[in-house]
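# Any chance you could fold what I've pasted below:
(chains A and B)
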Amino acid sequence: MSEIRVRFAPSPTGKVHIGNIRAAIYNWLFARHTGGKFLLRVEDTDLERSTPEAIAVLFDCMKWLGLDWDEEVFYQTKNVKRHLEVVDQLLASGHAYKVEKTSRDGKTGVVTMFKMPKEGVIEFDDIVKGHMAKKAEDIQDFAIVRSDGSPIFHIANVVDDIDQRVTHIIRGDDHVENTFKHICIFRALGAEVPKYGHLSMIVNQQGKPYSKRDGAAFVGEYREQGYLPEALFNYLLLLGWNPGDDREVLTREEMVKLFELEKVHVTAAMFDPKKLAWMNGEYIKKIPASEFRDMLVQSAAAEGSSSRNLGEYAVSARSDLRSAADQIAWWDYLASQVQVRTKFLKDIPDAIRCFVSDDFPFDEKAVEKRLKKPGVKELLLDLVERFSKVGDWTAPTLEAVVKELSQGNGMGPWVHPVRVAVSGRGEGIGLFEMLQLLGREKTLARLRHAAETLAS
RNA sequence: GGCCCCUUCGUCUAUCGGCUAGGACAUCUGGUUCUCAUCCAGGUAAGAGGAGUUCGACUCUCCUAGGGGCUGCCA
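Residues are numbered from 1 along each chain as shown, chains lettered A, B, ... in the order given. Next up is the predicted model:
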């Protein structure tokens, strides 16, 4: 058998739907698994919606997910001449005819129709759905050229697939009925009929096709919300396929090695944002420590007005960090604390704000609950006193101070107010690690400030 | 209406005639703990319904019910 060639053929409307991108993922994996080619065809015949910007967005989404394609991008509009030539061929061979029709919106004109066989059964073996058959008489003749002379999807699609020498067509379930029509066109042209695989749809929690109303439906939205492309890719892959064992989080290499189209499910799969979120957390945990640290630095830079480097940020937090090694160590420590608690990349700025800036917001509820309580002011001032005497400003030492105060009754009464006082929030990394990162000077200043202005 | 397809825990799924029906997410309980997470231990929870084939059916066949797709001068 000759080389396997598959294609992803979206309409560039500016937004790539998750159901659509799953088809791209399956095509890509099939091609990479079999050593075939993954082609990209832009079906840009809808001139109103197909803009250069929309096409750029499409490329961007694919690159984000690591869906690299082979050969040059094929633009459908550039093949219109060929489409029409083939139609003439069909007209000449008696497989097509012209007829005057009135469209739904009342316009009358001459369109070219494809003539379906009137008897017999059209059948094919769908790689995912199994054997499919339909009586030819159940399918009506259909239009292939509009009255304005432009080719319609059915003919354009088939001709492009022939021209691109596509061997396997892997697309959405909504094209199943079209496949019977397309097979007839391939045959009428004497072309070899490709193999087909139809992918089920992604549905919402009500079992209806997933749409905008069900939350993020476009790839770009997941990116904005701080999902990792690897997580989205992995999750979408699992919606209708599994490696045959209990593994769920897979590397790209494993996916390529294990993916088989025959194992793709026929049934529609419900999209579960919670599992995607879990998956995202798994991938965030897998980010190499140094890489995650760099992400924090970038996040800090994006938040601040001036662009500063890693070292400057560390110094702004802790002026005692003289050497570059100390500064990097400071970031690494912060990153290691933050990474395990991060579910979405977009949560990073809030998580590190109190470390890279003195201008952080105070959560009102947390202030109310932890600071506006009798005795808290005294408690904070007492801690300022005790902390200022600490010789070795590290988490264990600081913890020992509070532990002594609590006398084994739980450190909550001290920990909670301090956390809010120095970070403005009721949650975050371990308190003593937090204090160590902030350093003595900042910790004491913030405690004093909170005691005087917020606590009661 | 017609044609085609689908049906295992709430969700994604394993099972290719032997099942005490397994895993993951979610959920609940307990442990660790300064919060939030992480981590560890455990629990609840499924074969749409009905016939048939068979020693034996979640697995095969048929019917019913429910769901989805298509039925355009959209793709």
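# alpha carbons only for contacts and neighbour counts from here, please
OK.
# Let's see the helix or strand that contains residue A:295 as CSV, backbone CA atoms only.
Element membership of residue A:295, judged by DSSP states H and E, is helix A:289-303. Output of helix A:289-303 as CSV, limited to C-alpha atoms (Å, rounded to 0.1, in the frame of the first residue of the first chain):
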residue,chain,number,x,y,z
ALA,A,289,11.1,23.1,38.0
SER,A,290,13.3,25.6,36.2
GLU,A,291,10.8,26.1,33.5
PHE,A,292,8.0,26.7,36.0
ARG,A,293,10.3,29.2,37.7
ASP,A,294,10.8,31.0,34.5
MET,A,295,7.0,31.2,34.0
LEU,A,296,6.7,32.8,37.4
VAL,A,297,9.3,35.4,36.5
GLN,A,298,7.5,36.1,33.2
SER,A,299,4.3,36.5,35.0
ALA,A,300,5.8,38.9,37.5
ALA,A,301,7.3,40.9,34.6
ALA,A,302,3.9,41.0,32.8
GLU,A,303,2.3,42.3,35.9
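# Can you list the buried residues in stretch A:167-184?
By 16 or more other C-alpha atoms under 10 Å, the buried positions in stretch A:167-184 come out as A:167-173, A:176, A:179-184.
# per-domain residue ranges of chain A.
By the assignment in automatic domain parsing, chain A contains the domains A:5-72+A:201-284, A:75-199, A:287-356, A:364-453.
# Just put the ones you listed in CSV and tack on mean pLDDT and distance to RNA strand B.
As requested, those are arranged in CSV below (pLDDT from 0 to 100; distance: least, C-alpha to the nearest atom of the strand, whole Å):
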stretch, mean pLDDT, distance to RNA strand B
domain A:5-72+A:201-284, 91, 3
domain A:75-199, 94, 4
domain A:287-356, 83, 3
domain A:364-453, 89, 3
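# ok so, going back, how far away from the center of its chain is the helix holding residue A:295?
Centroid separation between helix A:289-303 and its chain, computed with C-alpha atoms, centre = their mean, to the nearest Å, is 20 Å.
# and that helix, what does it pack onto?
helix A:324-339, helix A:348-356 (3 or more C-alpha pairs under 8 Å, 6 or more residues apart in numbering; DSSP states H and E).
# Can I get the last one as PDB, trimmed to CA atoms?
Same thing as helix A:348-356. Only the C-alpha atoms of helix A:348-356 are listed here, as PDB (Å, rounded to 0.1, in the frame of the first residue of the first chain):
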ATOM      1  CA  ILE A 348      -0.100  32.400  39.000                       C
ATOM      2  CA  PRO A 349      -0.200  36.200  39.200                       C
ATOM      3  CA  ASP A 350      -2.400  36.100  42.300                       C
ATOM      4  CA  ALA A 351      -0.300  33.400  43.900                       C
ATOM      5  CA  ILE A 352       2.900  35.400  43.600                       C
ATOM      6  CA  ARG A 353       1.800  39.000  43.900                       C
ATOM      7  CA  CYS A 354       2.600  39.400  47.500                       C
ATOM      8  CA  PHE A 355       6.200  38.200  46.900                       C
ATOM      9  CA  VAL A 356       7.000  40.500  44.000                       C
END
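# and the angle from it to helix A:289-303?
When axes from the mean of the first three to the mean of the last three C-alpha atoms, to 10 degrees is applied, the directions of helix A:348-356 and helix A:289-303 differ by 80 degrees.
# Buried residues of helix A:348-356, list them for me.
With the criterion 16+ other C-alpha under 10 Å, helix A:348-356 contains buried residues A:348-349, A:351-356.
# what does the biggest helix by length in chain A rub up against?
Ranked by residue count and defined by DSSP state H, the top helix of chain A is helix A:431-453. Outside helix A:431-453, the residues within contact range by C-alpha atoms under 8 Å, 6 or more residues apart in numbering are A:317-318, A:330, A:334, A:355, A:376-378, A:380-381, A:384, A:387-388, A:393-396, A:398-399, A:415, A:418-419, A:421-422.
# If we use 7 Å, what do you get?
Counting by C-alpha atoms under 7 Å, 6 or more residues apart in numbering, helix A:431-453 makes contact with A:317-318, A:330, A:355, A:377, A:380-381, A:384, A:393-395, A:398-399, A:415, A:419, A:421-422, all of which sit outside it.
# now swap in stretch A:15-30 and tell me
By C-alpha under 7 Å, 6+ apart, the residues outside stretch A:15-30 that reach it are A:6-8, A:38, A:58, A:67, A:170-172, A:201-202, A:217-219, A:236-237, A:256, A:259-261.
# Stretch A:198-214 too?
A:19, A:126, A:128-129, A:170-173, A:176, A:217, A:266-271.
# May I ask which two of these are separated the most?
Maximum pairwise distance among the contacts of stretch A:198-214 (C-alpha to C-alpha): 27.3 Å, between A:126 and A:217.
# taking the contacts of stretch A:15-30 one by one, which sit in helices?
When helices are assigned by DSSP H, the members of these inside them are A:58, A:219, A:236-237, A:256.
# could you dump those to CSV with neighbour count?
Formatted as CSV, the entries for the ones in helices among the contacts of stretch A:15-30 read as follows, by neighbours: other C-alpha atoms under 10 Å:
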residue, neighbour count
A:58, 23
A:219, 24
A:236, 22
A:237, 21
A:256, 18
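# what's the closest of the residues you listed to residue A:299?
Set against residue A:299, the nearest of the ones in helices among the contacts of stretch A:15-30 by C-alpha to C-alpha is residue A:219 (21.8 Å).
# what about the nearest residue to residue A:430 once chain neighbours are set aside, how many residues close to it?
Excluding its sequence neighbours, the residue lying closest to residue A:430 (C-alpha to C-alpha, 6 or more residues apart in numbering) is residue A:337, at 7.7 Å. Applying other C-alpha atoms under 10 Å, we find 16 residues neighbouring residue A:337.
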